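S.K.: The following block contains a protein sequence and its predicted model.
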Amino acid sequence: MERIFPDSEGTVRERAPGPIDVETAVFDHVVEPVAYTCLKFMLFRQGTSLVHSRHGRVHARPGTLVIVCGGTLCGGIPETSVTVSTAYVSLDYLLDQLTWRLHGMLLDRHEAEQIAARAFRHNMWDIALAPEMASKMAVLLDRVEQIQKAGGGFYAIESRFCALLDLLLPLLPYTDVPDGPVRSLAGNGVGGRFPPLRREIVDVGEAVQADLARKWSLADLAGIAHISPRHLTRAFNESYGLPPLQYVAALRAKEMAYLLREKPEWSVETVGRRVGWEGRAHARAAFTRLLGIGPDEYRRRTRGLDLAIPGPDLDETAPGVS
């Protein structure tokens, strides 16, 4: 699926060959915050981890299913190591499944779009599965992954994945959906999957990433893309599901998380200024709002330090900040 924020090595896009992609991996290191255009269904198999986003924190254990929606910046801090099976699922594909599952209950496809837009955009929630349910899901995810690795076709993958959806869809929040404006998820997809990432949008992202400390305005960003601020906002909403300045804030949070891990001698205020946030209070509030965890706690957890012992604030040791 498509990554919508660059990782630490600058990777912007990763596209799977179809609407479903499953992989099982062992993580023994911090998983940096990242967001995708698709949904992620993460089944925790072994070990424990703190999963965090602006929508809260989950202490995931074996049998925990964490669902991360499209456009949600989410990271993880394993406790020693954790094994996770992750299914990346296209929003449009899930919309098709939702439409037919609720057939007879909905007036038309637009109602399914309304449910999906509210429930599956910018959200995260967790479900503690019963052992039998977790075991069934693990077997199905393993089978999908095996078929993928063997070069199996879409229908072989879909038949197994539909069995997983049969278990999963009753757990999804059809009635308890967040309030807010409805945004259609269909109509602009490539091959019925997801919107294209336009070149001018990539240019804007690269420019911001190269100079995060700059006080970016909507007019600045529109100038890079050579389109009007209104059209830029529309293009960002189509590609990422969020407006340009929120995208900038998310990039800052990602870079701040990286510096908190890699520059232990720098204070929170110093790191915040490096990414474009003025003052300690602003940096703390913005980071916490976007990643669901405070910068001090994030640094100490990712470095394996005792959370009960307060750490020093080392502004005077950080270079190059006035």
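M.R.: Cool, the structure landed. Everything numeric in this text was worked out from a predicted model, so none of it was measured.
S.K.: Just the helices from the stretch 201-322 of the chain, written as ranges.
M.R.: 218-225, 229-240, 244-262, 268-274, 280-291, 295-302 (DSSP state H, counting those that start in this stretch).
S.K.: Which strand or helix spans the nearest residue to residue 301 once chain neighbours are set aside?
M.R.: Excluding its sequence neighbours, the residue lying closest to residue 301 (Cβ to Cβ, 6 or more residues apart in numbering) is residue 77, at 4.9 Å. The way it works is simple: take the backbone N, C-alpha and C, and place the C-beta from them, glycine included. When elements are assigned from DSSP states H and E, residue 77 belongs to strand 74-89.
S.K.: Give me the average confidence score over the helix or strand that that strand is followed by.
M.R.: Remark: after strand 74-89, the chain's next helix or strand is helix 91-101, criterion DSSP H and E. If you average the pLDDT over helix 91-101, you get 76.
S.K.: and helix 91-101, C-alpha only, in CSV?
M.R.: Output of helix 91-101 as CSV, limited to C-alpha atoms (Å, rounded to 0.1, in the frame of the first residue of the first chain):
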residue,chain,number,x,y,z
LEU,A,91,-10.2,1.6,1.5
ASP,A,92,-12.1,1.1,-1.7
TYR,A,93,-11.9,-2.7,-1.4
LEU,A,94,-13.2,-2.6,2.1
LEU,A,95,-16.0,-0.3,1.0
ASP,A,96,-17.1,-2.8,-1.6
GLN,A,97,-17.2,-5.5,1.1
LEU,A,98,-19.1,-3.2,3.5
THR,A,99,-21.7,-2.3,0.8
TRP,A,100,-22.6,-6.0,0.1
ARG,A,101,-22.4,-7.1,3.8
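S.K.: buried set for stretch 127-140?
M.R.: 127, 129, 133-134, 136-138, 140 (16 or more other Cβ atoms under 10 Å).
S.K.: what do you get for stretch 220-231?
M.R.: Buried, per 16+ other Cβ under 10 Å, within stretch 220-231: 220-222, 224-225, 227, 229.
S.K.: so which two of these are the farthest from each other?
M.R.: Pairwise distances across these peak at 12.7 Å for 220 and 227 (criterion: Cβ to Cβ).
S.K.: With respect to pLDDT, which of the buried residues of stretch 127-140 ranks lowest?
M.R.: Lowest pLDDT among those: residue 127, 91.
S.K.: ok, the nearest residue to it once chain neighbours are set aside - how many residues close by?
M.R.: In space, and not counting its chain neighbours, residue 127 is closest to residue 65: 4.6 Å by Cβ to Cβ, 6+ apart. Residues near residue 65, counting by other Cβ atoms under 10 Å, number 22.
S.K.: got it, and residue 57?
M.R.: When neighbours are counted by other Cβ under 10 Å, residue 57 registers 16.
S.K.: On the three-state scheme, it is what?
M.R.: For residue 57, the assignment made with DSSP: H, G, I helix; E, B strand; the rest coil gives strand.
S.K.: Show me what it is bridged to.
M.R.: Residue 57 forms beta bridges with residue 52, as assigned by DSSP bridges.
S.K.: okay, it: pLDDT?
M.R.: Per the predicted model, pLDDT is 93 at residue 57.
S.K.: Report the residue ranges of every domain in the protein.
M.R.: 20-171, 199-317 (automatic domain parsing).
S.K.: Just the buried residues of the helix or strand encompassing residue 44, please?
M.R.: Per DSSP H and E, residue 44 falls inside strand 39-53. Buried residues in strand 39-53, counting neighbours by 16+ other Cβ under 10 Å, are found at 39-45, 47-53.
S.K.: which stretches of the stretch 1-150 of the chain have low pLDDT?
M.R.: 1-17, 101-122 (pLDDT under 70).
S.K.: who touches the nearest residue to residue 219 once chain neighbours are set aside in this structure?
M.R.: Nearest non-adjacent residue to residue 219, counting by Cβ to Cβ, 6+ apart: residue 229, 6.0 Å away. Residues in contact with residue 229 (Cβ atoms under 8 Å, 6 or more residues apart in numbering) are 218-219, 221-222.
S.K.: Closest one to residue 206 out of the residues you listed, please.
M.R.: Distances from residue 206 to the contacts of residue 229, taken by Cβ to Cβ, are shortest for residue 221, at 11.7 Å.
S.K.: separation between that closest one and residue 48?
M.R.: 40 Å (Cβ to Cβ, to the nearest Å).
S.K.: And the residue nearest to residue 127, which helix or strand is it part of?
M.R.: strand 64-68.
S.K.: elements contacting that strand?
M.R.: strand 39-53, strand 56-60, strand 124-128 (3 or more Cβ pairs under 8 Å, 6 or more residues apart in numbering; DSSP states H and E).
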